[in-house]
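J.: coordinates only, no sequence provided:
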């Protein structure tokens, strides 16, 4: 019975299989993009809000 269960796990979802090799680099790359772009976007928004707060006219 234990041997049958291990065969099902092997067929059903391998931890280091071909499928993992396809999505793991994409997930890591998108995570790094978010980590690097989010602070840059925050600086741009804060600078814009600061300039808007110091503005003397509407235009």
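T.: Received it, and whenever you're ready, just let me know what you need. Remember, predicted model here, so these are calculated numbers, not experimental data.
J.: make it CA atoms for all contacts and neighbour counts henceforth
T.: OK.
J.: give me the below-cutoff pLDDT ranges for the chain.
T.: 1-20, 58-59 (pLDDT under 70).
J.: helices of that one, residue ranges please.
T.: For the chain, the helices defined by DSSP state H cover 2-12, 18-53.
J.: need the winner for burial among those.
T.: Among the helices of the chain, helix 18-53 has the highest mean neighbour count (mean count of other Cα atoms under 10 Å), at a mean of 11.
J.: check which helices and strands that one is in contact with.
T.: Of the remaining helices and strands, none touches helix 18-53 by 3 or more Cα pairs under 8 Å, 6 or more residues apart in numbering; DSSP states H and E.
J.: make residue 1 into 9 and carry on from there
T.: Fine by me, first position is 9 from now on; the one you just mentioned is helix 26-61.
J.: next up, the contacts around residue 53.
T.: If a contact means Cα atoms under 8 Å, 6 or more residues apart in numbering, then residue 53 has no contacts.
J.: do you know how far it is from residue 29?
T.: 37 Å (Cα to Cα, to the nearest Å).
J.: how about residue 57?
T.: From residue 57 to residue 29 the distance is 43 Å (Cα to Cα).
J.: next one: residue 45
T.: 25 Å.
J.: contacts only, for residue 51.
T.: No contacts exist for residue 51 under Cα under 8 Å, 6+ apart.
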